[in-house]
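In: coords below, sequence missing:
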């Protein structure tokens, strides 16, 4: 199999190079479309059930809401465990599913089982957002312009109304957003403070007040009335829009005299009872948190959010008590893209440094520029192929995934070095035979052992792939990407490297001027690279720090670059050219080679 692959690649060199260039493009496309996050999502697949029962104690909520819900959800397919929590006026049930369960299938099963629970009247359980523990990707505050931070407490109710009735719905419509939760400020209410003395005087019971308000806050419709060829729709307008509307609600009539709400109570606008607040730099603020939908790309979701904010922000206004209209800005105070970009920048810098170091090591130890050029392309190609496979199998980009690629860089270069060194040696030992035959045999000679060695390396990661739960979600991305990079390196060593050797490892004719120019250019480049490497990597201070070392490396490289190219017999000082071996030299070399093989 290995021999057949190598033969086909050498016979179809143009196709191999075309596929190699296409792999770079496919790898870049995969890179920009793979979901990117700072760390792996190690959270469990859970579905949250929330039930609100206002005013009830935690014990009552536990007995009459949480327990019936938990019992009804037991036996749901794929459930691993069920946890619950009861608080003052609310209940939360966490249904944990096995990792192999489809997330939205699990939500539909929970929704089915919720209907079997027998709960108190008025308690309606709902599902939580379709998100994980890492779903909170963006937090923001609403900040009015022209209002000092110390005076913003006077407009917290207006900011909260703007958040609840406009900003929230606009951001919740962004693709990839599961929920926008409001926090801080005061929720505006119309509060009816009844007077026990007035209730007793008018012989009005408290339930009568409840029922009167409920019946009045309603629009009703009737049929249409035709008059002069036109239809007039009959409507009963009853929605409450002001304090006066509430005060004029009729509870009942007694002796032809109506009893209004204002007769037994005082109606005032006020804030809803709250148990928390949002603090920013020591001042209370109003804001919201955006929860990303399960499986979405955090970076793309946040980019869409920022585009939407830029669209709606010019139209945000609130009216102050003095009648002035002031603009409101949406200011983020937690943005996941900052963490993502910093994490990716750190790993990108580490990968770049590793690629440069590996390239320098290859150049220094091989001491042959063209041989090094057959190896260096395998480094970016292996990374591109790794991203391509990650996109195909659904492995997200995070710090652990990129760490796997960084760890595998050294192994990636080893495959190309082994292949190139063997081909170079065989070409030097057998100058009479056809070059392509020698390259094919040399590649096949080391190809099979390389495949065996890489297979052993890949098999050593089986214990990592066997990890489950949080440990598996944390370390599997590293194992996957390291395996992809090593597998890509062996594929490139068997396909691209022999073709590159066939193109580059050819005998040539160098003039004295060309050899001198190549030596000077190589030495100058090596000196600059060494100087920058010492200054950047070791952070040496001073203008001349590391300069002697750089000059020494440049001179050594210049001398080595002027050595005769491979496959040439010697240098003709009269003509100024490197000479190819003549027929007699080639025949003598062939006889020596045959006698050595016989021996």
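Out: Now that the structure is in, tell me what you want to look at. Because the structure is a prediction, the values reported are computed rather than measured.

In: Need the residues that contact whichever strand or helix holds residue 93.
Out: Using DSSP states H and E, residue 93 sits in strand 90-97. With contacts defined as C-beta atoms under 8 Å, 6 or more residues apart in numbering, strand 90-97 is touched by 44-53, 61-62, 65-66, 69-70, 73, 76, 78-86, 103, 106, 110, 125. For every residue, glycine as well, the C-beta is placed using N, CA and C.

In: Separate out the buried members of those.
Out: 44-49, 51, 53, 61-62, 65-66, 69-70, 73, 76, 78-79, 82, 84, 86, 106, 110, 125 (16 or more other C-beta atoms under 10 Å).

In: So which of those belong to helices?
Out: Of these, the ones assigned to helices by DSSP state H are 61, 69-70, 73, 106, 110.

In: Any chance of the backbone angles for the residue nearest to residue 145 when sequence neighbours are not counted?
Out: Distance criterion C-beta to C-beta, 6 or more residues apart in numbering; nearest residue to residue 145, sequence neighbours excluded, is residue 327 at 4.9 Å. Backbone torsions for residue 327, taken as degrees, to the nearest 10, come to phi -70, psi 160.

In: How about the contacts made by residue 327?
Out: Going by C-beta under 8 Å, 6+ apart, residue 327 touches 144-146, 314, 316-317.

In: again, 7 Å this time
Out: Residue 327 makes contacts with 145, 316-317, as judged by C-beta atoms under 7 Å, 6 or more residues apart in numbering.

In: Tell me what the closest residue to residue 70 other than its chain neighbours is bridged to.
Out: In space, and not counting its chain neighbours, residue 70 is closest to residue 84: 5.3 Å by C-beta to C-beta, 6+ apart. Beta-bridge pairing for residue 84 (DSSP bridges): residue 93.

In: what about residue 84, distance to residue 138?
Out: From residue 84 across to residue 138, the span is 29 Å (C-beta to C-beta, to the nearest Å).

In: hey, where'd the strands end up in the stretch 101-250 of the chain?
Out: Counting by DSSP state E, counting those that start in this stretch, one finds strands in the stretch 101-250 of the chain at the ranges 126-127, 136-144, 177-183, 188-194, 220-227, 230-236, 250-254.

In: Burial-wise, tell me which of the ones you listed comes out on top.
Out: Ranked by mean neighbour count, the strands of the stretch 101-250 of the chain are led by strand 136-144 with a mean of 21 (mean count of other C-beta atoms under 10 Å).

In: Grab the nearest non-local neighbour of residue 485.
Out: In space, residue 485 is closest to residue 408, 3.7 Å off (C-beta to C-beta, 6+ apart).

In: which residues sit in contact with the one you found?
Out: By C-beta under 7 Å, 6+ apart, residue 408 lies in contact with 482, 485-486.

In: 10 Å instead, please
Out: Counting by C-beta atoms under 10 Å, 6 or more residues apart in numbering, residue 408 makes contact with 354, 382-383, 386, 457, 478, 481-489.

In: Residue 192 too?
Out: Residue 192 touches 209-210, 213, 246-247, 249, 261-262, 264-268, counting by C-beta under 10 Å, 6+ apart.

In: let's see it at 6 Å
Out: Counting by C-beta atoms under 6 Å, 6 or more residues apart in numbering, residue 192 touches 265, 267.

In: Please check which residues sit opposite it as beta-bridge partners.
Out: The partner residues for residue 192, given DSSP bridges, come to residue 267.

In: Give me the pLDDT for it.
Out: We have a pLDDT of 92 for residue 192.

In: how close does it sit to residue 56?
Out: 21 Å.

In: before we move on, what about residue 403?
Out: Residue 403 is 50 Å from residue 56, by C-beta to C-beta.

In: of those two, who's got more company?
Out: residue 56 (21 against 17; other C-beta atoms under 10 Å).

In: Spatially, which residue comes closest to the more buried one, not counting chain neighbours?
Out: Nearest residue to residue 56, sequence neighbours excluded (C-beta to C-beta, 6+ apart): residue 89, at 5.9 Å.

In: Assess the claim that that neighbour and residue 54 are in contact.
Out: Yes - taking C-beta atoms under 6 Å as the definition, residue 89 is a contact partner of residue 54 at 4.9 Å.

In: between the two, who's got more neighbours?
Out: Taking other C-beta under 10 Å, residue 89 and residue 54 do not tie; residue 89 has more neighbours (17 against 10).

In: Any stretches of the stretch 251-400 of the chain with poor pLDDT?
Out: Scanning the stretch 251-400 of the chain with the threshold set as pLDDT under 70 gives 365-368.

In: now the helices for it?
Out: In the stretch 251-400 of the chain, helices defined by DSSP state H, counting those that start in this stretch lie at 261-264, 298-312, 336-366, 369-375, 378-393, 399-429, listed in chain order.

In: by contact count, what packs against the helix or strand hosting residue 15?
Out: Using DSSP H and E, residue 15 maps to helix 13-33. Applying 3 or more C-beta pairs under 6 Å, 6 or more residues apart in numbering; DSSP states H and E, one finds that helix 13-33 makes contact with helix 378-393, helix 469-504.

In: repeat that with 10 Å
Out: helix 2-11, helix 298-312, helix 378-393, helix 469-504 (3 or more C-beta pairs under 10 Å, 6 or more residues apart in numbering; DSSP states H and E).

In: Format those as TSV; extra columns: distance to residue 358 and mean neighbour count.
Out: Output for these, formatted as TSV (distance: least, C-beta to C-beta, whole Å; neighbours: other C-beta atoms under 10 Å):
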stretch	distance to residue 358	mean neighbour count
helix 2-11	24	16
helix 298-312	29	17
helix 378-393	7	22
helix 469-504	12	22
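
In: starting at the chain centroid, how far to the helix or strand containing residue 442?
Out: Per DSSP H and E, residue 442 falls inside helix 435-459. Remark: helix 435-459 is offset 37 Å from the chain centroid, using C-alpha atoms, centre = their mean, to the nearest Å.

In: returning to what we had before: any chance you could list residues touching both of residue 89 and residue 54?
Out: Joint contacts of residue 89 and residue 54 (C-beta under 10 Å, 6+ apart) are residue 273.

In: Please look at residue 242 and residue 190 and confirm they touch.
Out: Yes - assessed by C-beta atoms under 10 Å, residue 242 is found in contact with residue 190 at 8.7 Å.

In: okay, and the common contacts of those two?
Out: Listed as contacting both residue 242 and residue 190 by C-beta under 10 Å, 6+ apart are 267, 269.

In: Now do the contacts for the closest residue to residue 61 other than its chain neighbours.
Out: Leaving aside its chain neighbours, residue 61 sits nearest to residue 86 (4.5 Å; criterion: C-beta to C-beta, 6+ apart). Listed by C-beta under 10 Å, 6+ apart, the contact set of residue 86 reads 51, 53, 56-67, 92-93.

In: among those residues, which two are most distant?
Out: Spanning the widest gap among those are 57 and 93, at 18.0 Å by C-beta to C-beta.

In: so what's the residue nearest to residue 56 scoring on pLDDT?
Out: Per-residue confidence at residue 89 stands at 90 (pLDDT).

In: what's around residue 259, how many residues?
Out: 19.

In: And the one 5 residues further on, by the same measure?
Out: Burial of residue 264 is recorded as 22 neighbouring residues (other C-beta under 10 Å).

In: I'd like to know how far it sits from residue 201.
Out: Per C-beta to C-beta, residue 264 is found 8 Å from residue 201.

In: again with residue 219
Out: 33 Å.

In: Equivalent analysis for residue 156, please.
Out: Distance, residue 156 to residue 201, using C-beta to C-beta: 38 Å.

In: out of the two, which sits in the more crowded spot?
Out: residue 156 (19 against 11).

In: The more buried one against residue 186, yeah?
Out: Yes - with contact defined as C-beta under 10 Å, residue 156 counts as touching residue 186 (5.3 Å).

In: Verify the stated contact: residue 348 with residue 402.
Out: Yes - proximity of residue 348 to residue 402 meets the contact threshold set by C-beta under 10 Å, at 8.1 Å.

In: Those two: who's more crowded?
Out: Per other C-beta under 10 Å, whichever of residue 348 and residue 402 has more neighbours is residue 402, with 23 against 12.
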